[in-house]
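Novice: Could you work out the structure for the sequence below:
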Amino acid sequence: MNIEILAPCGSRESVTAAVRCGANAVYLGMKDFNARRNADNFDETELREVINYCHARDVKVYITVNTLISDSEMKTAYETVQTAMHCGADGFIVQDLGLAKLIKNSFPSARLHASTQCSAATPDGFNRLKELGFCRAVLPREMSFEEIKDIRNKTDIELEIFVHGALCMCVSGQCYLSSMLGQRSGNRGLCAQPCRLSFSADNSGSFDLSLKDLSLISKIKEIESAGVISLKIEGRMKRPEYVAAAVTACKNAIAGKYSSKDESILKNVFSRSGFTDGYFTGERRDMFGIRSKEDVVAAGSVLKELSRLYDREKPLVPIDFEFICREKEPIKLIAKSAQKTVSAEGGIPEKAINKPLTEDRIKERLSKLGATQYYANSIKITLGEGLIVPASEINEMRRSVCEKLYEQEKICFEQNPFEAATPKKKNAKPYFTARFLNASQIPDEHPFKRIFLPIWADNSDFIKTGAGVEIPRGLFGAENRMKKRLEELKAIGVKKALCSDIGSYESAKKLGFEVFGNFSLNIFNSESANMFNSPILSFEMTLNQANRINAKDTGIIAYGKVPLMLTRNCPVKNRIGCDKCNKKGTLTDRKGYKFPVLCSSYPCVEILNPTPIVMSDKMEDIKTDFIHFYFTDETKEEICSIVSLYKFNKFCEKNYTRGLYYRGVK
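Specialist: A predicted model of the protein is given here:
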């Protein structure tokens, strides 16, 4: 198949811009459950009109339902998908694995595209997504060219890649910064982008979490050679001129005509100190930038010119005509476009007195498609001798077949009824589990049913403590290394694995470990909770939501400085270098709060909340099966004191937060 240009559309005008500039597909959201809830988005009537418009121009429409869904929202999400199916949607971009399961069970013919927020980064992860019913997956923006090729060689799921647009500092789906600071969750479609504010590694007021915008348009030929089939443009919140510029640039690049002029226009319409391709190339030193006054001013110089790219209909769709005119038979016109064939009949032709109808005159009439999306590709004519047909009749037949081609065909699909999850009653006192950053923190006598150490801990620590292994997030290019390490740990008797993404969960399970789901799987509902063993639920849930999850053996993080970001490009290394950091780096925000930055021997670093979640005096409110302690920089003595608080439901005198358990996210 030809490589697809996939354009973002947050408004009706953006749809027009994308289609007229040559996009093969667009993606857009309805009013709920999409990761850009602040875009204009589309109601049912608008969606039907947009899909009809796009399909008549041979453009596909993918619907974003790419947020986490709670149990109470599942029925509405089901109805949203049902509406989109009736309107003719070509596919659904989904983050929540529970929602994906619901869609596949309820609408078997629906095409599922795994959002980059699914956080799959390894071959095992992409293969598992295929097993779950996804036909396509969006690659993480952090992947290098070589890593993309490795995924392609080891999986057969369709691959889609972001080639232009905003670049988040955090791995998609793993950011909790906006939700913890202001209750606006990126995983729920309302990210407030606090990372674009000052977070400084050297207290200078620098912007060490703000990356330049991504642009891989000049690398499209390489991307195509790696087996990627869809080129995705970010920007549903951006104006239609931006969409027009990016689609045009992609089209030029595919044709081998991408130039410095295209790049200059893209920079002018929107950029943050220019563009970066650092993750794709592996050169990650010059990736940071902010939206400057100069960037804003530059946009004004190109907007009018860009609007001309889509100010009128473009003849993008070919029609093959067959015109049949025989004596004593009704005239017939057959038109074929894409997979659709229609026809129209006229009257019986008369004998010509002077000038009979000619093939050239017929072709001239059929080619007059005016300001429509169609153009005459081929015209086959069967014409009897000495016949005449009024020009008005040929024109009317041409208009008739064009209208029939535009008409949306009746949409039929298999559908199963919605079944709501029943809240589970849980009254027993929860048991305790914990992860430690190092073995020296583990109390000699502890109350934890399961304990875990990071995968890089010494073998002797695992043997001495009987700990399971915590597999890190963001295993870009490190799957083989991770598996080799797991085999070593299995050989010394490690039996349990706390798995941080769908790929590592599958890898560890295949190697024979007893697997457990970590918080970073973003489990937000009963459907997804039942897909994993003893999962730690998302800490973006409220306590009430977590308590009502109907799944066997679920837990919440009840203590810990939780990770707010997972990033492949270390902000501390970029600003001051590893030598000055000495693995004790912090980021200081504009209010003076210091956020610890933890690095490891694996590809990504974590940025922690400076204040721990503490629920020791709220144990009576917790009805989950277990609570999890997320220990980071605490000493053994501090941990003993913390555990004592939880044993006796005591109030914590030190600085703490309740996280989102009572506030929730918007």
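Novice: the bottom helix or strand of the chain by mean pLDDT?
Specialist: Sorting the helices and strands of the chain by mean pLDDT, DSSP states H and E puts helix 293-299 at the bottom, at a mean of 81.
Novice: Tabulate the CA atom coordinates of that one in CSV.
Specialist: C-alpha atoms of helix 293-299 as CSV (Å, rounded to 0.1, in the frame of the first residue of the first chain):
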residue,chain,number,x,y,z
LYS,A,293,8.2,36.0,20.7
GLU,A,294,10.0,35.7,17.3
ASP,A,295,8.3,32.3,16.7
VAL,A,296,4.9,33.9,17.3
VAL,A,297,5.6,36.9,15.1
ALA,A,298,6.8,34.7,12.2
ALA,A,299,3.4,33.0,11.9
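Novice: List the contacts of that helix.
Specialist: With CB atoms under 8 Å, 6 or more residues apart in numbering as the test, helix 293-299 has contacts from 267, 268, 269, 270, 271, 272, 273. To be clear about C-beta, it is placed using only N, CA and C from the backbone, and glycine gets the same treatment.
Novice: What residues of the helix or strand just after it count as buried?
Specialist: Downstream of helix 293-299, the next assigned helix or strand under DSSP states H and E is helix 303-307. Residues 303, 306 are the ones in helix 303-307 that count as buried (16 or more other CB atoms under 10 Å).
Novice: same thing with stretch 527-546?
Specialist: Across stretch 527-546, burial judged by 16+ other CB under 10 Å covers 527-532, 534-543, 545-546.
Novice: pLDDT weak spots in the protein?
Specialist: In the predicted model of the chain, residues 1, 35, 37-39, 427 satisfy pLDDT under 70.
Novice: Show me the residue at the heart of it, geometrically.
Specialist: Centroid-nearest residue in the chain: residue 115, 3.0 Å away (criterion: CA atoms, centre = their mean).
Novice: Might you report the residue contacts of that one?
Specialist: Counting by CB under 8 Å, 6+ apart, residue 115 makes contact with 35, 64, 66, 93, 94, 95, 138, 172, 173.
Novice: measure it to residue 189 for me?
Specialist: Residue 115 is 11 Å from residue 189, where distance means CB to CB, to the nearest Å.
Novice: Just grab the bridge partners of the nearest residue to residue 519 once chain neighbours are set aside for me.
Specialist: In this structure, residue 519 finds its nearest non-sequential neighbour in residue 536, 4.5 Å apart by CB to CB, 6 or more residues apart in numbering. Per DSSP bridges, the residues bridged to residue 536 are residue 555.
Novice: how far away is residue 536 from residue 558?
Specialist: Residue 536 is 10 Å from residue 558, by CB to CB.
Novice: who touches both of those two?
Specialist: Shared contacts of residue 536 and residue 558, defined by CB under 8 Å, 6+ apart, comprise residue 628.
Novice: how about the strands in the stretch 51-200 of the chain?
Specialist: Remark: strands assigned in the stretch 51-200 of the chain by DSSP state E, counting those that start in this stretch are 60-65, 91-94, 112-114, 134-138, 158-165, 199-200.
Novice: got those strands as TSV, with distance to residue 599 columns?
Specialist: Formatted as TSV, the strands of the stretch 51-200 of the chain follow (distance: least, CB to CB, whole Å):
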stretch	distance to residue 599
strand 60-65	33
strand 91-94	32
strand 112-114	28
strand 134-138	27
strand 158-165	26
strand 199-200	16
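Novice: Across the sheet, point out what pairs with the residue nearest to residue 405 when sequence neighbours are not counted.
Specialist: Leaving aside its chain neighbours, residue 405 sits nearest to residue 337 (5.1 Å; criterion: CB to CB, 6+ apart). Beta-bridge partners for residue 337, by DSSP bridges, are residue 340.
Novice: so residue 337 sits right up against residue 407, yeah?
Specialist: No: the pair residue 337 and residue 407 does not pass the contact test of CB atoms under 8 Å, sitting 11.9 Å apart.
Novice: Fine, thanks again, bye for now.
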